[in-house]
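Asks: with the input below, show me the fold.
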Amino acid sequence: MFFTKKAHTLLRILSIGILLTYPVLVYATTVTDSSCTGEFGSGTNSDTQCTSEQVELDSTGLTNGSGNFTSRIIDAGSSVTWSSLAWTPNYPYLKNLPNSAGAESAYTNGNANMSNNLLLWHLDEASGNFTDSSGNSHTGTATGATAGGTGILNNAVTFDGNDYVTASNDSDLARVGDFTVSAWIKDTSGNYTITAGIAGKIQLLSSPSRYYGYSLSKSGGWLQFYTGNSTGAFVVSDAQSLDANWHFVVGVISSGTNYLYVDGVLQSGSASTIYTDQGSFTIGKNFSNTNNFYWIGNIDEVSVWNRALSGTEILNMYKRGALRLKYQVRSCDDNACSGETFAGPDGTGSSYYSELTTSTDALPSKTLTNVSDNEYFQYKAFFETSSTTLTPELLDVTITHSAPTLGVPEFSDALYIVTILFGLYYLIRFSSQFPIHPSNT
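Replies: Presented below is the predicted three-dimensional model:
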């Protein structure tokens, strides 16, 4: 042999190290799926596909509005505690806008920058007043409106046609320069042609009859954005787009021109801004000083900004609610997961892990609950969209579990046996010729 004694000694030590540590190296405590040709490729698609290293809805899923992906069955090597589920979506999905003028940075795309945010009502409260999460203390006080309704993002406020919510300390919500007001809306009136207010700071003056302020509203089946004083400037939606589904409506004033966005899409009309501040900021009716033109339905995630949001920002805000990605999981005592069912955090099939309960600006990571200790694990990702052209996009999923009991890995028997045979052969073949001794050089 052409090895020095010192080299033989190092090889012997290395062989022993491989024999002792190989099982630990194979079985990590985290497992990540991220490749179309690897881990994602071993799962099962239902109206979904893996392309460009991400899972998304396929053409059928886009048409139907939903699809799902079931992962490969993950083997921990022995019974373990499955502790967390984390994933990287391309955009934030099912997630409230950041609080306190924060700015996201963790996502590949769609990070929200809340600079110049004046008011942010998530409207997630189950009862009582509504917190202004912008940090500007514009508390919402309900008059008849019901908290705890079903929202696009957690809860929403429900209006039955004679109630509203007003903001406190709203002097800074008057439009000065560039401006944006937005809301998620659901019309349950069954009569989409009646006039009703959504959100705004507007007052009706009767002598002469003029509308002073700004507002988002509906009339004749169209959505509209208005600013005015002794005269008015309307921007109307391109189509009678209202129905019983959730819609995202945004009014923007940029360099003296009014624009309207519906479901992330800029409408073709525009109007020169005319404006005089009047009234209180109100959602659920059109004029703060009259008892008419009430909204019937739900309103969620209302925001006001003293800057003009870009079209990209508005589309990204729409994606947060219109695109939905959520999960259920199961642990199994056999490698076919025969008999176990997928479940969410409460241990039933009616709940899901999602970003709805994420209160930080970080990527989603959820503690698994009601999951039994078992050797095998599987997750199921549910993709939903309110658009026929936009899909949720999943980049990777990471599962964390406790350290397994050491043992020979089933999936690497051949490699492990080769390592053992090599180590034993080397130790037997050369131990007598090159004993480990301090005097050897």
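Asks: domain-wise, how is this protein divided?
Replies: Split into domains by automatic domain parsing, the chain comes to 1-27+412-441, 28-92+322-401, 117-306.
Asks: looking at these, which is closest to residue 109?
Replies: domain 28-92+322-401 (5.2 Å; Cβ to Cβ). Bear in mind the C-beta positions are built from the backbone N, C-alpha and C, glycine included.
Asks: okay, residue 403 and residue 211: tell me how far apart.
Replies: 67 Å (Cβ to Cβ, to the nearest Å).
Asks: if you could redo that for residue 73, that was the one I meant.
Replies: 62 Å.
Asks: who has more neighbours, those two?
Replies: residue 211 (24 against 17; other Cβ atoms under 10 Å).
Asks: which residues touch residue 43?
Replies: Contact analysis of residue 43 by Cβ atoms under 8 Å, 6 or more residues apart in numbering lists 33, 69, 70, 71, 72.
Asks: try 10 Å
Replies: Applying Cβ atoms under 10 Å, 6 or more residues apart in numbering to residue 43 gives the contacts 33, 50, 55, 69-73, 378-381, 397.
Asks: excluding sequence neighbours, find me the nearest residue to it.
Replies: Leaving aside its chain neighbours, residue 43 sits nearest to residue 71 (4.7 Å; criterion: Cβ to Cβ, 6 or more residues apart in numbering).
Asks: for that neighbour, what are phi and psi?
Replies: Backbone torsions for residue 71, taken as degrees, to the nearest 10, come to phi -70, psi 170.
Asks: so in the chain, where's the weakest helix or strand by average pLDDT?
Replies: Lowest on mean pLDDT, DSSP states H and E among the helices and strands of the chain sits helix 5-26, with a mean of 49.
Asks: quick one: the residue nearest to residue 43 and residue 32, what's the gap?
Replies: In terms of Cβ to Cβ, residue 71 sits 11 Å off from residue 32.
Asks: check the contact lists of these two and give me the overlap.
Replies: In contact with both residue 71 and residue 32: 39, 397, 399, using Cβ under 10 Å, 6+ apart.
Asks: low-confidence ranges in the stretch 101-250 of the chain?
Replies: Scanning the stretch 101-250 of the chain for pLDDT under 70 picks out the ranges 207-209.
Asks: tell me where the stretch 251-400 of the chain has helices.
Replies: 311-322 (DSSP state H, counting those that start in this stretch).
Asks: how about the strands in it?
Replies: Secondary structure of the stretch 251-400 of the chain (DSSP state E, counting those that start in this stretch): strands at 257-262, 265-266, 271-272, 281-283, 296-305, 323-332, 365-367, 374-385, 393-401.
Asks: and the longest one, which strands flank it?
Replies: Going back to what we said before, that points to strand 374-385. Looking at strand 374-385 with DSSP bridges, its partner strands are strand 66-70 (antiparallel), strand 74-80 (antiparallel), strand 323-332 (antiparallel).
Asks: kindly format the C-alpha coordinates of the second one as PDB.
Replies: In other words, strand 74-80. Provided in PDB are the C-alpha atoms of strand 74-80 (Å, rounded to 0.1, in the frame of the first residue of the first chain):
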ATOM      1  CA  ILE A  74     -42.500  11.100   5.100                       C
ATOM      2  CA  ASP A  75     -40.700   8.400   7.100                       C
ATOM      3  CA  ALA A  76     -38.900   9.600  10.300                       C
ATOM      4  CA  GLY A  77     -37.400   6.200  10.900                       C
ATOM      5  CA  SER A  78     -39.200   5.600  14.200                       C
ATOM      6  CA  SER A  79     -42.100   7.100  16.100                       C
ATOM      7  CA  VAL A  80     -41.500  10.800  16.700                       C
END
